[in-house]
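> Turn this into a structure:
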Amino acid sequence: MGVLATTMIRLTTRIIALVILGVLITVPSWAQEIHRTFDVKSGSRLELDLETGGDITIKGWDRNQVDITVTIEGRDKDDVTVDINENSRGVEISTEFDRRRARADVNMIIRVPRKFDLELSTTGGDVEIEDVDGKIEGSSMGGDISLAGLSGHIEFTTMGGDISLTNSQIDGSLHTMGGNVDITDVVGTVQGTTMGGDVTYDNVKSGSANSKDEVKISTMGGNVTVDEALFGADLHTMGGDIEVRKAGKYVKATTMGGDVVVHAIDGWIEANTMGGDMEVTMVGGTDGDRHVQLESMGGTVVLTVPAGLSMEFDVEINLSKNEDDSDYTIISDFDVNVSTSSSGSGRWKGSRTIKGTGSVNGGRNVIKIRTTNGDIKILRAR
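So this is what the prediction gives:
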C-alpha cells in the first residue's frame with residue numbers, strides 16, 4: 001500500500017471518528033417520562049410538594065380526571081424519586097432527590113377538572129395555572145407565577161419572580177419578594193404586594209355590589225398603578241411613583257421618592273411624598289367628607305376641586321435658606337390670603353414660609369397642603 005493510500009485511510013478514519021464524537025456530543029440523554037391518570041370527583045384536591053423544584057403547568061378541562069405527565073431530564077435524572085398517589089381528598093404528588101447535590105430538571109404538565117382545589121409547594125420553577133375554579137394555595141422559592149381564567153380564592157407567594165393574574169373572577173392575595181405584580185381584567189378583591197418591583201392594577205373591579213373592600217398595595221421599591229378603586233385605596237411604595245386613575249371614598253398614598261397622581265377621586269385624600277410632584281383631581285359632588293391633606297418635601301402640588309366645595313385653606317410653601325421666595329407662588333382660583341414669614345432676622349435670617357389661608361362656602365373641609373421649594377396651585381374644576 002502506498003504512502004498516499006495510507007494517508008487517505010488515516011484521514012478518513014479521523015473524519016469518521018470526529019463525526020461519531022459530534023453525534024455523541026449533540027444527542028441529549030433520553031428524558032425519563034412518567035404518565036398517570038386518575039378518575040376523581042369534581043371539587044377534590046391536587047397537592048404538590050416538589051423538593052426538586054421544576055416548572056409546573058396546571059390547566060382545567062371538562063373531564064373528571066387528573067392527568068399527569070412528569071418529564072425528568074439532566075445528568076442525575078435517575079436520582080429523582082417521584083411519588084404519585086391517590087387519596088381520599090384527591091391526588092398528591094411529591095418529588096425529591098435521592099442524594100445531595102443531584103441535578104435534574106423535573107417538569108410537570110397536569111390537567112384537572114375545572115372545579116378543583118390546588119395546594120402547591122415548590123423549591124423553584126415557573127408556575128402556570130389556567131381555567132381552574134377553587135381554593136388555590138401556593139408557594140415557590142423562586143420563579144414566575146402566571147395565572148389566568150381563575151375563579152374562587154387564591155393565596156400565592158414567590159420568593160423571587162413576577163406574578164401576573166389575568167381574566168379571572170377571584171379574591172385573595174399575591175406576594176413576591178423580588179418581582180412585579182400585574183393584575184389585569186379581574187373581578188374581585190386581590191391584594192398584591194412586592195418587596196422590590198412594580199404593582200399594577202388594570203381594569204380590576206369589586207366582585208359584587210356588597211363587596212366594599214379597599215385596594216391595598218405595598219411595594220418596597222417600585223411604581224404603583226391602580227386603574228379603579230371604587231371603595232378606597234391604601235397605597236405605599238418606598239421608591240416609585242403612585243398613579244390612580246379612578247377612586248371612590250378615599251385615597252391614602254405614601255411614597256418615599258416619586259410623584260403622586262390621582263386623576264379622579266370622589267371622596268377624601270391623604271398623600272405624601274419625600275421627593276416628587278403631586279397632582280390630584282377631585283370629582284363628583286360636594287357632599288360628605290372631602291378633606292385634603294397633601295405633603296411633598298420637594299415638588300409642585302396641583303389640586304383641582306369642584307366649584308361649590310366648602311373649604312378651609314391651610315397652605316404652606318417652605319423655602320430653604322438660599323431659595324428666593326419670588327421663585328415660588330400659591331396660585332388659587334378661590335380667595336386665598338397669601339403672606340410670607342421668616343425665621344430670624346438680619347444676618348441670622350433663616351428659612352421662610354409662604355402661607356395661604358382663607359375660607360369659602362362655609363369652610364367645612366380642611367384643605368391642608370405642604371411643600372418645600374415648590375409651587376402650590378388650587379384650581380376650580382371646569
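> mind checking how far stretch 88-97 is from the chain centre?
30 Å (CA atoms, centre = their mean, to the nearest Å).
> Revised request: answer the last question for stretch 326-340.
That offset, for stretch 326-340, works out to 39 Å (CA atoms, centre = their mean).
> and the end-to-end length of it?
One end of stretch 326-340 sits 10 Å from the other (CA to CA, to the nearest Å).
> Could you do stretch 250-262 as well?
By CA to CA, the extent of stretch 250-262 from end to end equals 11 Å.
> For it, which outside residues touch it?
For stretch 250-262, the external contacting residues (CB atoms under 8 Å, 6 or more residues apart in numbering) are 223-224, 229, 232-244, 247, 265, 267-281, 289, 294, 299. Using the backbone N, CA and C atoms, a C-beta is placed for each residue, glycine as well.
> cool, and stretch 273-285?
By CB under 8 Å, 6+ apart, the residues outside stretch 273-285 that reach it are 241, 254-267, 269, 271, 290, 292, 294-306, 309, 371, 374, 381.
> rerun at 7 Å
255-266, 269, 271, 290, 294, 296-306 (CB atoms under 7 Å, 6 or more residues apart in numbering).
> do stretch 337-344 as well
Stretch 337-344 has contacts (CB under 7 Å, 6+ apart) with D325, I330, K349, G350, S351, R352, T353, I354, K355, G356, T357, G358.
> leaving aside the residues next to it on the chain, what's closest to the second one?
In this case it means I330. Spatial nearest neighbour of I330, excluding adjacent residues (CB to CB, 6 or more residues apart in numbering): G356 at 4.3 Å.
> and that neighbour, that's in a helix?
No: assignment of G356 by DSSP: H, G, I helix; E, B strand; the rest coil gives strand, placing it outside any helix.
> sorry, back to before: taking the contacts of stretch 250-262 one by one, which sit in strands?
If you go by DSSP state E, the contacts of stretch 250-262 have 224, 233-237, 242-244, 247, 265, 267-273, 278-281, 294 in strands.
> related to what we said a few turns ago, for the residue nearest to I330, grab the count of nearby residues.
Residues near G356, counting by other CB atoms under 10 Å, number 22.
> check contacts around it.
G356 sits in contact with F313, V315, I330, S332, V336, N337, V338, where contact means CB under 7 Å, 6+ apart.
> Drop anything exposed from the residues you listed.
F313, V315, I330, S332, V336, V338 (16 or more other CB atoms under 10 Å).
> Out of these, which is nearest to T166?
V315 (42.8 Å; CB to CB).
> can I assume that closest one sits in a strand?
Yes: counting by three-state DSSP, V315 is part of a strand.
> Show me how to select, in PyMOL, the buried members of the contacts of stretch 250-262.
Buried members of the contacts of stretch 250-262, defined by 16+ other CB under 10 Å, are picked up in PyMOL with:
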select buried, resi 223+224+229+232+233+234+235+236+237+238+239+240+241+242+243+244+247+265+267+268+269+271+272+273+274+276+277+278+279+280+281+294+299
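> Can you tell me which of the contacts of stretch 273-285 end up in helices?
Among the contacts of stretch 273-285, no residue falls in helices (DSSP state H).
> So among those, which ones count as buried?
Buried, going by 16+ other CB under 10 Å: 255-262, 264-266, 269, 271, 290, 294, 296-297, 299-306, out of the contacts of stretch 273-285.
> how far does the helix or strand that contains S121 sit from the chain's center?
Assigned by DSSP states H and E, S121 belongs to strand 117-122. When C-alpha coordinates are averaged (CA atoms, centre = their mean), strand 117-122 and its chain have centres 21 Å apart.
> Pairing partners for it, with directions?
strand 45-50 (parallel), strand 133-140 (parallel) (DSSP bridges).
> Next, the buried residues of the shortest one.
Of the residues in strand 45-50, R45, L46, E47, L48, L50 count as buried by neighbour count, 16+ other CB under 10 Å.
> Equivalent analysis for the last one, please.
For strand 133-140, the buried set under the neighbour-count rule, 16+ other CB under 10 Å, comprises D133, G134, K135, I136, E137, G138, S139, S140.
> Just give me how far that strand sits from the chain centre.
17 Å.
> go on, the shortest one?
The offset between the C-alpha centroid of strand 45-50 and the centroid of the whole chain comes to 25 Å, using CA atoms, centre = their mean.
> so after it, what's the next helix or strand?
The helix or strand immediately downstream of strand 45-50 is strand 56-61, counting by DSSP H and E.
> Partner strands of that following strand, with direction?
Here strand 56-61 is paired, per DSSP bridges, with strand 105-113 (parallel), strand 127-130 (parallel).
> Nearest to D202, out of the buried residues of strand 133-140: which one, please.
Taking CB to CB as the measure, D202 sits nearest to I136 out of those, at 21.1 Å.
> quick one: pLDDT of that closest one?
pLDDT recorded at I136 is 98.
> partners of it in the sheet?
L118, I154.
> likewise A148?
What pairs with A148, by the bridge criterion (DSSP bridges), is E130, T166.
> quick one: contacts for it?
By CB under 7 Å, 6+ apart, the residues touching A148 are E130, T166, N167, S168.
> so what pLDDT did the most centrally placed residue in the chain get?
In the chain, the residue lying closest to the centroid (CA atoms, centre = their mean) is V181, at 2.1 Å. We have a pLDDT of 95 for V181.
> One more: the one 4 residues further on?
Note for D185: predicted pLDDT of 95.
> ok now do it, which residues does it touch?
Contact partners of D185, counting by CB under 7 Å, 6+ apart, are T166, N167, N203.
> mind running it again at 8 Å?
T166, N167, S168, D202, N203, V204.
> For it, grab phi and psi.
When read as degrees, to the nearest 10, the backbone of D185 gives phi 50, psi 60.
> can you tell me how far it sits from S168?
8 Å (CB to CB, to the nearest Å).
> Please apply the same query to D79.
When distance is defined by CB to CB, D79 is 38 Å away from S168.
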